[in-house]
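Q: requesting a structural model of the entry that follows:
(2 chains)
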Amino acid sequence: MSALLELDRLSVDLSISRWPLRTTLNILSDITLTLARDETVGLVGESGSGKTTLGRALLGLQHISAGTVRFDGTPLKTAADFDRIRPRTALMFQDAVASLSPRMTVGEAVTEPFRIHNRPMPDWRARAAELLEEVGLPADMASRYPHELSGGQARRAGVARALALKPDLVIADEPTAGLDVSVQAEILNLMADLKDRYGLSYMVITHNLALVRHVADRIAVMYLGRLVETGPTAEVFSNPAHPYTGSLIAAEPKPDPRKRRTDLAIKGEIPSLIRRPSGCEFHGRCPLATARCRTEAPALRDIAPGRKARCHFAETYQKQGA
Amino acid sequence: MTTPLLTVENLTLNYRTGGDPVQALRGVSLTARAGEVLGIVGESGCGKSTLAATLMGLAGTNAEITDGAVSFRGENILTAREETRRKLRGKHIAMVFQDPMTAFNPVLTIGAQLVDFQHNSGTPKRQRHSAARDMLDRVGIPDPDICMGRFPHELSGGMRQRAAIAAALLMQPEILIADEPTTALDVTMEAQIIHLLRNLQSDYDGAIIIVTHQLGVIAQLCDRVVVMYAGQVVEEADVDTLFHAPRHPYTKALIACDPASLSIKEKRLPTIGGRPPDLAHPPAGCAFADRCAQVEPICRTAAPPRVEIGPDHIAKCHEAWS
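A: Numbers count the residues shown, from 1 in each chain, chains lettered A, B, ... in the order given. Predicted coordinates:
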């Protein structure tokens, strides 16, 4: 598998100058991540961990402060570089209904990428029908407006639009948020089928761990704008190396009354980016935190082939879990 | 565990629309008992939120209750005068909404609102203030005194939901209804709110009704569960029976397609297929017949009976015994 997308020490800073604050917020810091062809990477973390910002930054929709993005081997530096690869990438937005213009019919919306990128499209109606059929929507849906669609149908229309130009990379931001479980499974199956058919690579951004477990080959866990653990999904789930990953997995409500948690897997809230904690940023919520964690920031280091974790005590933690 | 606090009998509610009325609730019966957490689960459009709102006497202006009764301590809320119902709300029956942002007035502090919610408690203001403060403390808000002076937007989603639960519990209602209380929250906050509700339940002798589409929340929190489909209760059981010996094909399918219930990675997730029926024209037979794996000819012609499987276990299905 060759790398389709390579992020090297990517950082995104935002300067804030609104009273009483005048500071620079380090939204993303030191993100190094590779996405191979035909691979699905799941990006997980709590709200405010920087998942969505990362998705936007690697498409050039967010100014990058440091580090590089390489797409198919080519480094992307200027806006023109990002524009050049734009047709080969697509974004599925978090709010599917809001991401469709209320003034455009579904048919116009799914064929808009052709117009934007000046691709020849002799018969747009036929093309729209084709695209809708591919995602399991009836062709007559082309003349409907977004408000007439159900949540699941709007998702499918979003998938159709993302696939219009047959991209290499699809970034799916919470692809099933707000959907019922049965519809969620349909959308995930659809995404899996299309991946097989067109050899797509996905980056799935979500806080839904159950979803990630089924769709992602590898997962990347984010906390306060940094990667804290990366590795093959099955391995990370069966034996997490970072206490944060372990806590996230444990916090997920299991649909089985015989597996009720009586204690809390994780306490407290994600800290503010304005006051990043010293040392390891997770120490305030970590069950294993020691004096060292409060002062010395751990690096993202290799702990096994293909696995990395940002924790001083990753090996100890893994042993405890096993 | 046995005193019914709230009884719903054959509740039938239509929404007036431009065309034929939508039959949102079609003969719903259930009871909520003191000291018990009752879960109401179902997909979007099954009528669960309509039911929750009707229990509060808050059905919309386009809703028309054509049959049935909601009795609180023997008195029918539906036929009571608005003045009586207003006295019930807040004091005896309180509600926590899905979106904790819109539950509060944005221009008043949390403290001012919590004091105001006790307007008919008849206690002096200072006492109301300390009651509010104590309740914030009880729901796990750190520094409740500071929180009293905060505006809703200054709290995080999890803290706002805690404040909303505090607000609902202020008047010590006999019934607490929570409509999707964790849907807007991260998995870590969701676990904390579940933990909080479960702790509250142990020293609260009222009934808690949780409305949600997430089976995980139901399994972690509820004692008894009502499954709704197309405006009807299709199965009712204690939580262990529901997850481990469900009888209605819809309940089985719902549990099967929750990705959280599959421990090994599946390439394709199970789905239910089809869509719920149009409730403006519900089918004559079983509403689930078109999507059911166990469908028999009788399912399409006759409405399914309420089959008593065991004490406290009811399934509305022709094939409940098969």
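Q: what about the residue in chain A sticking out farthest from the centre, which SS state?
A: Distance from the centre of chain A peaks at A:Pro122, with 34.8 Å (Cα atoms, centre = their mean). Assigned with DSSP: H, G, I helix; E, B strand; the rest coil, A:Pro122 falls in the coil class.
Q: one more: B:Ile309?
A: In three-state terms, and counting by three-state DSSP, B:Ile309 is strand.
Q: pretty sure it sits against B:Ala320.
A: Yes: at 6.3 Å, B:Ile309 counts as touching B:Ala320 under the criterion of Cβ atoms under 8 Å. All C-beta atoms are positioned from the backbone trio N, CA, C, and that covers glycine.
Q: domains of chain B?
A: B:4-92+B:173-316, B:105-170 (automatic domain parsing).
Q: do you know how far the residue of the stretch 151-300 of chain B found nearest chain A is from B:Val233?
A: Per Cβ to the nearest Cβ, B:Gly216 is where the stretch 151-300 of chain B lies closest to chain A, at 3.1 Å. For B:Gly216, the distance to B:Val233 equals 21 Å [Cβ to Cβ, to the nearest Å].
Q: also A:Thr34?
A: As judged by Cβ to Cβ, A:Thr34 and B:Val233 stand 51 Å apart.
Q: so which of these two has more stuff around it?
A: Neighbours per residue (other Cβ atoms under 10 Å in any protein chain shown) separate A:Thr34 from B:Val233, with B:Val233 holding more: 27 against 17.
Q: so where does that one fall, helix or strand?
A: Element membership of B:Val233, judged by DSSP states H and E, is strand B:232-238.
Q: can you list contacts of that strand?
A: By Cβ atoms under 8 Å, 6 or more residues apart in numbering or on different chains, the residues outside strand B:232-238 that reach it are B:26-30, B:47, B:223-228, B:242, B:245-248, B:250-251, B:287-288, B:309, B:312-317.
Q: go on, stretch B:146-156?
A: The contact list for stretch B:146-156 (Cβ under 8 Å, 6+ apart) reads A:269, B:101, B:104-111, B:114, B:129, B:132-133, B:136, B:141, B:159-160, B:163, B:189.
Q: now, of the residues you listed, which are buried?
A: For those, a neighbour count by 16 or more other Cβ atoms under 10 Å in any protein chain shown gives the buried set as A:269, B:101, B:104, B:109-111, B:114, B:129, B:132-133, B:136, B:141, B:159-160, B:163, B:189.
Q: pull out the buried residues from stretch B:43-63.
A: Residues B:43, B:45-57, B:59, B:63 are the ones in stretch B:43-63 that count as buried (16+ other Cβ under 10 Å).
Q: and what of stretch A:166-186?
A: Judged by neighbour count using 16+ other Cβ under 10 Å, the buried positions of stretch A:166-186 are A:167-186.
Q: ok, back up a step: so how far is A:Thr68 from the residue farthest from the centre of chain A?
A: Taken as Cβ to Cβ, the span from A:Pro122 to A:Thr68 is 39 Å.
Q: how about low-confidence regions in the stretch 101-250 of chain A?
A: Counting by pLDDT under 70, the stretch 101-250 of chain A contains no low-confidence segment.
Q: go again using 90 as the cut-off
A: A:120-122, A:149-152, A:176-185, A:207-211, A:214 (pLDDT under 90).
Q: and it, which residues reach chain B?
A: A:151, A:180-186, A:188-189, A:192, A:207-211, A:213-214, A:233-234, A:247-248 (Cβ under 8 Å from any Cβ of the partner chain).
Q: residue contacts, A:Ala210?
A: A:Ala210 sits in contact with A:252, B:258-260, where contact means Cβ under 8 Å, 6+ apart.
Q: ok, now how distant is it from A:Lys51?
A: For A:Ala210, the distance to A:Lys51 - Cβ to Cβ - is 17 Å.
Q: surely B:Ser29 is in a helix?
A: No: going by three-state DSSP, the assignment for B:Ser29 is strand, not a helix.
Q: chain neighbours aside, what residue packs nearest to it?
A: Spatial nearest neighbour of B:Ser29, excluding adjacent residues (Cβ to Cβ, 6 or more residues apart in numbering or on different chains): B:Glu9 at 5.2 Å.
Q: before we move on, what about B:Asp290?
A: If you skip the residues right next to it in sequence, B:Asp290 has B:Gly274 as its closest partner in space, 5.3 Å away by Cβ to Cβ, 6+ apart.
Q: the one you found and B:Cys292 touch, don't they?
A: No: counting by Cβ under 8 Å, B:Gly274 stays clear of B:Cys292, with 9.2 Å between them.
Q: name the residue in those two with the higher neighbour count.
A: Between B:Gly274 and B:Cys292, B:Cys292 has the larger neighbour count (other Cβ under 10 Å), namely 22 against 12.
Q: can you name the residues that contact the residue nearest to that one when sequence neighbours are not counted?
A: Closest residue to B:Cys292 apart from its sequence neighbours, by Cβ to Cβ, 6+ apart: B:Pro249 at 4.8 Å. By Cβ under 8 Å, 6+ apart, B:Pro249 lies in contact with B:288, B:292-294, B:317, B:319.
Q: of all the residues you listed, which comes closest to A:Glu229?
A: For the contacts of B:Pro249, the minimum distance to A:Glu229 (Cβ to Cβ) is 39.6 Å, reached by B:Ala293.
Q: burial count for that closest one?
A: If you count neighbours by other Cβ under 10 Å, B:Ala293 ends up with 10.
Q: swap in A:Glu296?
A: Neighbour count for A:Glu296, taken as other Cβ under 10 Å: 13.
Q: ok, A:His214 next?
A: A:His214 sits with 21 neighbouring residues when counted by other Cβ under 10 Å.
Q: my guess is it contacts B:Pro259. True?
A: Yes: using Cβ under 8 Å, A:His214 is in contact with B:Pro259, at 5.2 Å.
Q: find residues that contact each of those two.
A: A:188, B:269.
Q: show me where the stretch 1-150 of chain B has its strands.
A: Along the stretch 1-150 of chain B, the stretches classed as strands by DSSP state E, counting those that start in this stretch are B:4-15, B:22-33, B:37-41, B:63-72, B:75-76, B:93-96.
Q: repeat that for the stretch 151-300 of chain A.
A: Using DSSP E, counting those that start in this stretch, strands in the stretch 151-300 of chain A cover A:169-173, A:201-206, A:218-223, A:226-232.
Q: which residue would be the closest one in the stretch 1-150 of chain B to chain A?
A: B:Glu43 (4.0 Å).
Q: list the residues that contact the closest residue to that residue other than its chain neighbours.
A: Closest residue to B:Glu43 in three dimensions, ignoring its sequence neighbours and counting by Cβ to Cβ, 6+ apart: A:Asp180, at 4.0 Å. Shown in contact with A:Asp180 (Cβ under 8 Å, 6+ apart): A:152, B:43-44, B:213.
Q: out of these, which is nearest to B:Pro304?
A: The closest of those to B:Pro304 turns out to be B:Glu43 (Cβ to Cβ; 18.5 Å).
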